[in-house]
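Trainee: everything below, folded, please.
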Amino acid sequence: MNAIKNYISEHKDRFISELIELLKIPSVSADTAFTQDVLDTAEAVEKALITAGCDSVEICETAGYPIVYGEKIIDVHLPTVLVYGHYDVQPADPINLWTSPPFEPVIKKTDKHPDGAIFARGACDDKGQMYMHVKALEFMVKTKQLPCNVKFMIEGEEEVGSNNLAIFVANNKEKLANDIILISDTGMIANDVPSITTGLRGLSYVEVEVTGPNRDLHSGLYGGAVANPINILSKMIASLHDENNHITIPGFYDKVENLSKEERAEMAKAPFSLDNYKNALDIDAVYGEEGYTTNERNSIRPTLDVNGIWGGYTGEGAKTVIASKAFAKISMRLVPNQDWKEITELFKTHFESIAPKGVKVLVKPHHGGQGYVTPIDTIGYQAASKAYETTFGKKPIPQRSGGSIPIVALFEKELQSKTILMGFGLDSDAIHSPNEHFGVWNYLKGIETIPYFYAHFTALTKQQTT
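Mentor: Numbering: from 1, shown residues only. Just a heads-up that it's a prediction; the model follows:
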């Protein structure tokens with residue numbers, strides 16, 4: 001299939017310009033100010049799938065943002081690959097930290113991307129990685145090398161919890177029936193060290209509100225006499241970790257999967273430089289749970305982090321008040337076997353129990369999802385491994401990820417399908433942060449590698465059934 005390299009070389013500029021046009025649309029699902037932009041992006045994805053060669057494409061309405069569904073069925077007796085991705089993006093804030101406007105994509109060279117990277121919100125998460133699959137389909141259809149059936153399900157609410165996806169999946173099991181699910185919403189170790197994500201952490205996301213007096217108070221007249229919600233909230237949050245950075249919520253670790261020494265030793269084989277890690281983040285020391293390495297802390301161990309905290313006066317100058325309310329947003333990354341709903345309830349019970357008299361506490365659950373592990377002995381993983389080996393010249397390393405894609409566990413439950421996570425981004429690509437980017441090399445390498453997955457998966461499936 002050397003034709004893929006020639007095809008990419010011939011259409012490289014178009015592939016890049018098409019992605020840039022998609023990245024210009026600010027499809028921020030968390031902010032209703034961008035509602036029309038999100039809807040416009042769904043239409044853009046619909047057109048892209050039609051152009052790439054899908055025989056049937058539709059924008060499926062939900063109670064929120066629509067899901068774009070497309071398919072190319074060449075023979076019902078052949079395997080079917082279901083590609084999942086999302087077209088919505090994270091908010092770009094804080095805007096002032098971007099070196100170029102987040103929705104005005106530009107290509108800049110970096111140390112990790114000497115061939116250049118596209119800087120824009122959504123470049124890596126997930127428009128760039130989703131669009132690799134669209135262009136891979138285009139190649140296979142145009143050159144008559146599509147070896148099996150393919151379906152696409154591209155949603156617009158992943159960054160706000162995929163609230164309507166479960167309903168869509170449950171109501172469309174026959175439409176979505178498949179033999180394997182393929183997702184590119186993860187990363188790899190390095191451009192010269194390919195890896196396949198075999199594990200994802202689950203997620204529980206909550207918002208907390210602490211209320212003291214019925215109004216903001218003068219800090220001179222009332223300070224020291226009434227509970228200050230900001231002070232109280234800060235103490236409550238600080239108490240959620242002990243001196244070893246162990247989470248103190250009763251029952252939190254009861255179902256945590258503890259990997260064997262052998263499994264931890266295999267993980268440790270992945271190349272990692274602690275000095276490079278610290279230098280990239282401009283920190284002089286790492287920080288985390290006692291007894292675990294950095295790579296273990298951010299992948300196989302659960303965490304609890306404050307994502308935002310506010311209350312009182314934060315404007316310019318001084319205003320001496322004791323705020324009536326204080327707020328925080330908190331996320332807990334979970335490992336397989338931890339149920340996110342159970343953890344959310346444990347958090348709620350504990351957080352309310354540690355509130356002192358004089359304040360009221362409200363815990364508002366937002367969203368969550370289960371963790372997931374992909375076995376490496378399946379034909380799906382083997383096909384992905386062979387695909388990477390073909391284009392990278394070496395076998396990929398199986399790697400647990402610290403991120404969460406809650407819908408992966410949902411897919412297995414509802415569709416009885418395993419998911420393969422073929423990510424081509426790098427940890428340094430700043431997803432969810434200012435200056436998010438995606439390497440041009442990585443984008444094109446993904447387009448080159450994906451067709452090999454289809455070929456190997458189809459061949460291995462035939463071998464298994466004969």
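Trainee: going forward, measure contacts and count neighbours with C-alpha atoms only.
Mentor: Fine.
Trainee: can you get me a residue count around residue 255?
Mentor: Here the count is done by other CA atoms under 10 Å, and residue 255 has 12 residues near it.
Trainee: what separation is there between it and residue 188?
Mentor: According to CA to CA, to the nearest Å, residue 255 stands 28 Å off from residue 188.
Trainee: quick one: residue 13 is in a helix?
Mentor: Yes - under DSSP: H, G, I helix; E, B strand; the rest coil, residue 13 sits within a helix.
Trainee: give me the residues contacting the lowest-mean-pLDDT helix or strand in the chain.
Mentor: Within the chain, no helix or strand scores below helix 261-267, which has a mean of 81 by mean pLDDT, DSSP states H and E. For helix 261-267, contacts defined as CA atoms under 8 Å, 6 or more residues apart in numbering pick out residue 399.
Trainee: tell me the residue furthest from the middle of this structure?
Mentor: Here the centre of the chain is the reference, and by CA atoms, centre = their mean the most remote residue is residue 221, at 47.8 Å.
Trainee: name the element it belongs to?
Mentor: Here residue 221 sits within helix 219-222, counting by DSSP states H and E.
Trainee: chain center to that helix, what's the gap?
Mentor: 45 Å (CA atoms, centre = their mean, to the nearest Å).
Trainee: list the contacts of it.
Mentor: 320, 321, 322.
Trainee: by neighbour count, which of those residues wins?
Mentor: residue 322 leads the contacts of helix 219-222 on contacts (other CA under 10 Å) with 26 neighbours.
Trainee: identify the bridge partners of that residue.
Mentor: Following DSSP bridges, residue 322 is listed with bridge partners residue 217.
Trainee: so it makes contact with residue 232?
Mentor: No - using CA atoms under 8 Å, residue 322 makes no contact with residue 232, being 11.6 Å away.
Trainee: low-scoring stretches of the stretch 1-150 of the chain, by residue?
Mentor: Residue ranges of the stretch 1-150 of the chain with pLDDT under 70: 1.
Trainee: so where do the helices sit in it?
Mentor: All helices of the stretch 1-150 of the chain, identified by DSSP state H, counting those that start in this stretch, fall at 3-23, 35-52, 128-142.
Trainee: now render the ones you listed as CSV, adding distance to residue 71 and mean neighbour count.
Mentor: Formatted as CSV, those follow (distance: least, CA to CA, whole Å; neighbours: other CA atoms under 10 Å):
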stretch, distance to residue 71, mean neighbour count
helix 3-23, 21, 16
helix 35-52, 9, 19
helix 128-142, 10, 23
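Trainee: next, format the ones you listed as JSON lines and append distance to residue 398.
Mentor: JSON lines is the format used below for these (distance: least, CA to CA, whole Å):
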{"stretch": "helix 3-23", "distance to residue 398": "25"}
{"stretch": "helix 35-52", "distance to residue 398": "30"}
{"stretch": "helix 128-142", "distance to residue 398": "19"}
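Trainee: ok, residue 5 - contacts?
Mentor: Applying CA under 8 Å, 6+ apart to residue 5 gives the contacts residue 448.
Trainee: how near is it to residue 199?
Mentor: 31 Å.
Trainee: and stretch 15-28, how far out from the chain's middle?
Mentor: Distance, centroid of stretch 15-28 to centroid of chain: 19 Å (CA atoms, centre = their mean).
Trainee: what about the nearest residue to residue 435 once chain neighbours are set aside, how many residues nearby?
Mentor: Once flanking residues are discounted, residue 435 sits nearest to residue 98: 5.2 Å by CA to CA, 6 or more residues apart in numbering. A count of nearby residues for residue 98, using other CA under 10 Å, gives 17.
Trainee: quick check: residue 98 touching residue 434?
Mentor: Yes - judged on CA under 8 Å, residue 98 makes contact with residue 434 at a distance of 5.1 Å.
Trainee: need the overlap of contacts for those two.
Mentor: Counting by CA under 8 Å, 6+ apart, nothing touches both residue 98 and residue 434.
Trainee: for the spatially closest residue to residue 207 that is not a sequence neighbour, helix, strand, or coil?
Mentor: Take residue 207 and drop its neighbours on the chain: the residue closest to it by CA to CA, 6+ apart is residue 329, 4.4 Å away. Under three-state DSSP, residue 329 falls in the strand class.
Trainee: which ones are touching residue 329?
Mentor: Residues near residue 329 by CA under 8 Å, 6+ apart: 205, 206, 207, 208, 306, 307, 308, 309.
Trainee: so among these, which ones count as buried?
Mentor: With burial judged by 16 or more other CA atoms under 10 Å, the buried subset of the contacts of residue 329 is 205, 206, 207, 208, 309.
Trainee: export these as a markdown table, with columns for pLDDT, secondary structure and distance to residue 25.
Mentor: Shown next, in a markdown table, are the buried ones among the contacts of residue 329 (pLDDT from 0 to 100; DSSP: H, G, I helix; E, B strand; the rest coil; distance: CA to CA, whole Å):
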| residue | pLDDT | secondary structure | distance to residue 25 |
| --- | --- | --- | --- |
| 205 | 95 | strand | 27 |
| 206 | 97 | strand | 29 |
| 207 | 98 | strand | 29 |
| 208 | 98 | strand | 33 |
| 309 | 97 | strand | 29 |
